[in-house]
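S.K.: sequence and predicted structure are below.
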Amino acid sequence: MTGERRDGDADEEFLHSPFIRKQGNIYKPNNKDMDNDSVNEKTMDDVHTKEIDLVNRDPKQINDDVVKVDFEDIIAEPSGTYSFDGVWKASFTTFTVTKYWCYRLLTAVVGIPLALIWGIFFAILSFLHIWAVVPCVKSYLIEIHCISRVYSICVHTFCDPLFEAMGRCLSSIRIRTTKEV
């Protein structure tokens, strides 16, 4: 064919040539163009070996309002009742260093076992959510949809005429209150 198409040729061209999308390929993320060189590239990243930020260890600020406890938040001397400056400095240093090293020691001893326990807990929670909760909720929604249709039909069939008739009967009632002195 030299650029001219007949109606019959267009149908045959689609019957014999596979349809390949240039963008939005479901096998390649980020809608990358599909060509021969990029088909063989590795597109999956291992989420277990991603780098962690050792400077900002709370990037989502989930503990901002809970555990930010400094010396000034716990111990404060009102004006007029000051201790010796050396005692105040020593108290500050003792509090800060003790809090720092106790936290480090506790995380070293208890942090890894707790990380293991929390990892198992959230794995079980994810498993239950994916394989039990969501299918049960979807099943319930499908079943309740059928029940809601039957219920709606029953209400429209039996209750609507009854309440409409009661409304017409009681609509002519007028209540007048008079105050006698």
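M.R.: Happy to help now that I have it.

S.K.: mind showing which ranges of the chain have poor pLDDT?
M.R.: Where the chain drops to pLDDT under 70, the residues are 1-49.

S.K.: separation between residue 131 and residue 124?
M.R.: Separation of residue 131 from residue 124 (C-beta to C-beta, to the nearest Å): 11 Å. Placement of C-beta: from N, CA and C, glycine included.

S.K.: go on, residue 76?
M.R.: From residue 76 to residue 124 the distance is 44 Å (C-beta to C-beta).

S.K.: which of these two has more neighbours?
M.R.: Taking neighbours as other C-beta atoms under 10 Å, residue 76 and residue 124 compare with residue 124 leading, 10 against 7.

S.K.: quick check: which element contains the more buried one?
M.R.: In this structure, residue 124 sits in helix 112-128 according to DSSP states H and E.

S.K.: which is the next helix or strand following that helix?
M.R.: As the chain continues past helix 112-128, the following element, by DSSP H and E, is helix 134-154.

S.K.: show me what that next one is packed up against.
M.R.: The contact analysis (3 or more C-beta pairs under 8 Å, 6 or more residues apart in numbering; DSSP states H and E) places helix 134-154 against no helix or strand.

S.K.: hey, C-alpha coordinates of that helix in CSV?
M.R.: The C-alpha coordinates for helix 134-154 follow below in CSV (Å, rounded to 0.1, in the frame of the first residue of the first chain):
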residue,chain,number,x,y,z
VAL,A,134,-12.5,-5.7,52.4
PRO,A,135,-14.1,-8.9,50.9
CYS,A,136,-16.6,-9.0,53.8
VAL,A,137,-17.4,-5.3,53.4
LYS,A,138,-17.8,-5.7,49.6
SER,A,139,-20.0,-8.8,50.1
TYR,A,140,-22.1,-7.0,52.7
LEU,A,141,-22.5,-4.0,50.4
ILE,A,142,-23.6,-6.2,47.5
GLU,A,143,-26.1,-8.1,49.7
ILE,A,144,-27.4,-4.9,51.4
HIS,A,145,-28.0,-3.4,48.0
CYS,A,146,-30.4,-6.2,47.1
ILE,A,147,-32.1,-5.9,50.5
SER,A,148,-32.4,-2.1,50.2
ARG,A,149,-34.2,-2.5,46.9
VAL,A,150,-36.7,-4.9,48.4
TYR,A,151,-37.1,-2.6,51.5
SER,A,152,-37.6,0.4,49.2
ILE,A,153,-40.3,-1.4,47.2
CYS,A,154,-42.1,-2.4,50.5
